[in-house]
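A.B. asks: Give the three-dimensional model of this entry:
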Amino acid sequence: MARIALVTGANRGLGLATARRLGELDMTVIVGSRDAARGAQAAAMLRREGIAVEPLRLDVASLPSIRSAGAEVERRHGRLDVLVNNAGVLPEATAAQADRPIDAELLRRTFETNVFGAAAVAQAMLDLLRRSDAGRVVNVSSTMGSLSDQADPASPYHGLVLPAYQASKAALNSLTIGLSKALADTAIKVNSVCPGWAQTDLGGPENRAAAPLSADEAAKAVVAAATVDADGPSGAFLSAAGAVPW
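C.D. replies: Alright, predicted model coming up:
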């Protein structure tokens with residue numbers, strides 16, 4: 001029986017690359033997308049590549065959309081084996097910050113998707129994950145969410161000041177730890193993953209031009225966490241190079 005994977009924000013970039021790689025492992029991949037038409041287009045493209053894929057409208061900033069998506073996965077499959085909380089935003093990349101280093105509105109908008117959305121999707125899919133014999137939850141984070149890294153002058157990211165994004169990823173990491181503890185007596189493993197600096201639209205055109213990794217290369221770390229075996233970690237912060245300091 002094919003394993004069932006749901007990837008949020010999967011109509012482009014890292015989410016699309018992750019969906020492709022999971023599909024290449026013979027999983028049935030549900031492409032979660034806020035825009036139904038774009039999700040359907042992404043699913044059609046993957047289907048032409050021979051991947052078993054289904055589109056699903058899922059806006060992680062909308063509780064009704066999340067609940068509807070959970071009910072639809074229940075109707076289609078009755079279980080879920082892999083959840084990749086990939087959908088994320090970085091509005092600070094295009095916002096003027098010179099006179100406003102801390103912007104409460106940007107903080108709210110960023111947490112709405114990066115933290116509250118991921119938590120709400122995990123909650124909506126939890127009963128379905130419990131029905132899997134090896135459920136996996138991967139929260140796509142960032143080394144920029146590492147408090148140790150933010151405070152390290154030797155870090156290449158030390159000069160990046162993106163308080164809302166960095167705080168959201170730190171909060172997501174904390175949720176990863178809490179959820180892994182709550183599910184310690186189950187077969188579900190929950191991990192945060194930094195995929196690396198990837199060529200996606202998250203940080204705007206300048207990010208795409210400067211990033212050293214393709215989305216496909218970055219997806220390797222996400223898929224590794226999504227397929228960790230029974231002896232693998234839970235409640236960890238991982239990257240392709242190994243553990244990331246909290």
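A.B. asks: and V222, that's in a helix?
C.D. replies: Yes - assessed by DSSP: H, G, I helix; E, B strand; the rest coil, V222 belongs to a helix.
A.B. asks: so where is the protein shaky, pLDDT-wise?
C.D. replies: Applying pLDDT under 70 to the chain picks out residues 94-100, 203-209.
A.B. asks: Helices of that one, start to end?
C.D. replies: Taking DSSP state H as the criterion, the chain contains helices spanning 13-24, 36-48, 63-76, 104-111, 118-130, 147-150, 163-182, 205-210, 215-226.
A.B. asks: Pick out the residue closest to the middle of this protein.
C.D. replies: Among the residues of the chain, the one closest to the centroid is N86, at 2.0 Å (Cα atoms, centre = their mean).
A.B. asks: Could you tell me which residues make contact with that residue?
C.D. replies: V7, T8, G9, A10, L14, G15, T18, V140, V222 (Cβ atoms under 8 Å, 6 or more residues apart in numbering). No exception for glycine: its C-beta is placed from N, CA and C like everyone else's.
A.B. asks: Q166 too?
C.D. replies: Counting by Cβ under 8 Å, 6+ apart, Q166 touches S142, M144, G145, Q150, L160.
A.B. asks: so the third one touches S174, yeah?
C.D. replies: It stands for G145. No - with contacts defined as Cβ atoms under 8 Å, G145 does not count as touching S174, sitting 9.5 Å away.
A.B. asks: hmm, back to that, most surrounded residue in the contacts of N86?
C.D. replies: Counting neighbours by other Cβ atoms under 10 Å, V7 leads the contacts of N86 with 35 neighbours.
A.B. asks: picking up where we left off before, buried among the contacts of Q166? Make that a ChimeraX selection.
C.D. replies: Selecting only the buried entries of the contacts of Q166 in ChimeraX, with 16 or more other Cβ atoms under 10 Å as the criterion:
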select :142,144,145,150
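A.B. asks: Fine, thanks again, bye for now.
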